[in-house]
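Peer 1: Have a look; sequence and predicted model below, questions after that.
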Amino acid sequence: MNRRDVLVGLGAAIGVTTLSVAALARRSEILHYEFGEIGAPAGGLTGSDLQCTAGTVTPRQPEGPFYTPMTPRRRDIRDAGVGAGVLVVGGRVLDAQCRPIAGAILDFWQTDHHGRYDHHGYRYRGHQYTDAQGRFELVSVRPHAYTALSIFRTPHIHVKVQGPDTPLLTTQLYLPDAEDTNARDRGYVPSLAIAFTGQDGPARHAAFDFVLPRT
Ligand code: FE
């Protein structure tokens with residue numbers, strides 16, 4: 001990724017935002033979607049069997065320079081026609097008492113399998129709502145490591161999560177089996193690593209639960 005790509009990415013992100021300069025400064029604290037929707041048909045999602053520890057909320061991570069607001073609503077953020085292996089991340093959005101949060105918004109963005117972001121469109125970007133049991137499911141590909149602005153990044157998935165009565169959480173998910181690159185990235189946090197749960201044909205499945213305080 002070169003400097004021009006970075007600037008184009010920043011320009012695209014800012015260009016579609018209609019907020020004031022002051023609001024732009026705290027752009028990362030704003031989600032651009034409406035609450036009041038509940039995602040997924042009943043029984044459509046697997047959620048997770050992960051243990052929730054009351055009082056332990058999901059840590060924050062930097063947004064980074066490559067967020068684009070107003071993504072399409074979709075669970076499958078793959079680029080049509082790309083034959084890379086499928087990564088399915090399922091889980092729940094919970095409050096600090098481990099109760100599910102229905103209608104929470106999750107806005108995901110990540111690189112493709114070559115470590116490239118789409119700065120002009122919405123490939124590998126999309127938002128979705130949790131179902132009545134607080135479950136979500138992301139269908140994507142395995143992200144790849146990259147270097148931008150001379151900073152090396154291990155593979156990760158960016159996400160903004162917010163429930164109807166929670167603060168906005170901006171964070172990143174990591175791959176526990178990317179040990180070599182995780183060790184080279186000071187942003188890597190083990191508690192933000194997804195848990196691989198199995199393989200289903202070409203799809204590798206993993207789980208992660210987000211835990212947010214209620215306001
Ligand atoms: Fe990134």
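Peer 2: Done, it's in.
Peer 1: in the sheet, who's paired with Ala193?
Peer 2: On the basis of DSSP bridges, Ala193 is bridged to Tyr174.
Peer 1: for it, what are its contacts?
Peer 2: Residues near Ala193 by Cβ atoms under 8 Å, 6 or more residues apart in numbering: 173-176. Where C-beta positions appear, they are placed from N, C-alpha and C, glycine not excepted.
Peer 1: Same check on Val211?
Peer 2: Val211 neighbours (Cβ under 8 Å, 6+ apart): 52, 56-58, 94-96, 98.
Peer 1: Generate a PyMOL selection restricted to the buried subset of those residues.
Peer 2: Applied in PyMOL, the following selects the buried portion of the contacts of Val211 according to 16 or more other Cβ atoms under 10 Å:
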select buried, resi 52+57+58+94+95+96+98
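Peer 1: Now intersect the contacts of Val211 with the strands, please.
Peer 2: Among these, DSSP state E puts 94-95 in strands.
Peer 1: For the chain, which segments are assigned as helices?
Peer 2: Under the criterion DSSP state H, the chain contains helices at 3-15, 21-25, 179-182.
Peer 1: returning to that earlier point: could the contacts of Ala193 be laid out in TSV, adding pLDDT?
Peer 2: Shown next, in TSV, are these (pLDDT from 0 to 100):
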residue	pLDDT
Leu173	98
Tyr174	98
Leu175	98
Pro176	97
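Peer 1: tell me which residues form a beta bridge with the residue positioned nearest the centre of the chain?
Peer 2: In the chain, the residue lying closest to the centroid (Cα atoms, centre = their mean) is Val159, at 2.6 Å. Note on Val159: beta-bridge partners by DSSP bridges are Phe108, Thr171.
Peer 1: Now do the contacts for it.
Peer 2: Residues in contact with Val159 (Cβ under 8 Å, 6+ apart) are 106-109, 170-173, 210.
Peer 1: doesn't Ala145 make contact with His114?
Peer 2: No - using Cβ atoms under 8 Å, His114 is not in contact with Ala145; the gap is 10.0 Å.
Peer 1: Pick out whichever of those two has more residues nearby.
Peer 2: Set side by side, His114 and Ala145 show more neighbours around Ala145, with 18 against 10, by other Cβ atoms under 10 Å.
Peer 1: wait, doesn't the more buried one sit right on Phe152?
Peer 2: Yes - counting by Cβ under 8 Å, Phe152 is a contact partner of Ala145 at 7.1 Å.
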